[in-house]
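Chemist: just the structure for this:
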Amino acid sequence: MNQALHGQVALVTGGSSGIGYGVALALAEAGASVAINYHSHGEEAEDLAGKIEQVGGQAIAIKADVSDEADIDAMFDSLIQHFGTVDIVVANSGLQKDAKFTDMTLADWNAVMNVNLTGQFMTAQRAVREFLRRGPRPVSKALGKIICMSSVHEIIPWAGHVNYAASKGGIQMMMKSLAQEVAPHRIRVNSIAPGAIKTPINKAAWDNPEALEKLLKLVPYGRIGEAEDIGHAAVWLASDDSDYVTGTTLFVDGGMTLYPGFADNG
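Modeler: The predicted structure is shown next:
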């Protein structure tokens with residue numbers, strides 16, 4: 001078993017379902033102790049923590065709303081009290097509130113921005129403060145690692161999803177600017193940009209043969225992604241194998257960003 005993260009502590013926000021669940025499980029399988037943040041799926045988070053502990057790992061579930069600064073502080077305080085510190089922070093929490101632009105409410109715009117972008121800002125800020133507070137640890141070459149969960153829609157426009165696409169575009173530049181600022185401290189900051197991944201949030205896009213066939217026209221590799229695909233990418237970005245990688249978005253998308261609509265239109 002790959003133990004590239006042995007002795008390290010990881011936090012995954014939004015870790016109770018979907019991509020976050022897959023990432024938390026993969027980090028644990030690579031040897032990390034994992035704090036699984038959740039907002040509204042406490043039973044799933046507790047079940048995952050139990051699953052990790054049953055195979056000899058360490059995990060806890062922590063409830064917090066990542067759009068609330070006090071909750072972010074309390075989450076990190078609980079994590080540090082339990083594990084002592086944190087080495088890897090995956091800012092994964094995200095949501096969609098889709099609407100045509102002319103129908104989108106300010107409340108829906110703000111809700112998506114507050115979780116997807118501001119939530120990642122506050123999570124990353126608290127992580128950097130903790131890395132700087134406790135100094136180097138022998139378990140990693142880097143002082144700390146932050147992984148922002150973005151999307152192919154940080155570069156692919158998405159009509160009817162303006163708030164979501166704008167939040168992911170914001171993550172791209174926030175990640176790069178942060179990476180530039182903290183690199184001299186040996187803190188690495190990167191993003192993962194998933195494409196079509198089989199999760200509950202997009203169930204309507206893959207849950208029947210017609211929808212899946214339509215979706216796969218956008219994926220040159222010919223299959224929909226699984227949460228474990230993102231988990232494997234997160235393990236690599238969190239490990240010393242990627243120690244010279246910072247300020248980069250890793251697209252895990254089966255080729256969606258290759259603009260497959262142009263394959264026969266050259």
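Chemist: for the stretch 101-250 of the chain, which segments count as strands?
Modeler: All strands of the stretch 101-250 of the chain, identified by DSSP state E, counting those that start in this stretch, fall at 144-149, 187-194, 249-252.
Chemist: which of those is buried the deepest?
Modeler: Highest mean neighbour count among the strands of the stretch 101-250 of the chain (mean count of other CB atoms under 10 Å): strand 144-149, with a mean of 27. Heads up, the C-betas are built off the backbone N, CA and C, glycines and all.
Chemist: and that strand, what's its mean pLDDT?
Modeler: Taken as a whole, strand 144-149 has a mean pLDDT of 98.
Chemist: likewise for stretch 54-66?
Modeler: Rounded mean pLDDT across stretch 54-66 is 97.
Chemist: how about it: buried residues?
Modeler: Gly57, Ala59, Ile60, Ala61, Ile62, Lys63, Ala64, Asp65, Val66 (16 or more other CB atoms under 10 Å).
Chemist: sorry, back to before: export the strands of the stretch 101-250 of the chain to a markdown table and tack on distance to Ser167?
Modeler: Converted to a markdown table, the strands of the stretch 101-250 of the chain look like this (distance: least, CB to CB, whole Å):
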| stretch | distance to Ser167 |
| --- | --- |
| strand 144-149 | 11 |
| strand 187-194 | 13 |
| strand 249-252 | 15 |
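Chemist: how close does Glu29 sit to Leu48?
Modeler: Look at Glu29 and Leu48: by CB to CB, to the nearest Å, they are 12 Å apart.
Chemist: so for those two, which residue has more residues nearby?
Modeler: Remark: of Glu29 and Leu48, Leu48 carries more neighbours, 25 against 20, as counted by other CB atoms under 10 Å.
Chemist: you'd agree that one is in a helix?
Modeler: Yes: counting by DSSP: H, G, I helix; E, B strand; the rest coil, Leu48 is part of a helix.
Chemist: can you tell me how far it is from Leu11?
Modeler: 14 Å.
Chemist: of all the strands of the stretch 101-250 of the chain, which lies closest to Arg134?
Modeler: Nearest of the strands of the stretch 101-250 of the chain to Arg134, taken as CB to CB: strand 144-149 at 9.0 Å.
Chemist: in its sheet, what does the closest one sit against?
Modeler: If you go by DSSP bridges, strand 144-149 pairs up with strand 88-91 (parallel), strand 187-194 (parallel).
Chemist: can you show me the CA trace of the longest one as CSV?
Modeler: It refers to strand 187-194. Below are the C-alpha coordinates for strand 187-194, written out as CSV (Å, rounded to 0.1, in the frame of the first residue of the first chain):
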residue,chain,number,x,y,z
ILE,A,187,4.3,26.2,1.4
ARG,A,188,2.9,24.6,-1.8
VAL,A,189,-0.5,25.6,-3.2
ASN,A,190,-2.1,23.9,-6.1
SER,A,191,-5.5,23.2,-7.5
ILE,A,192,-7.3,20.2,-8.9
ALA,A,193,-9.8,20.8,-11.7
PRO,A,194,-12.1,17.9,-12.1
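Chemist: please consider this matter closed, and thank you.
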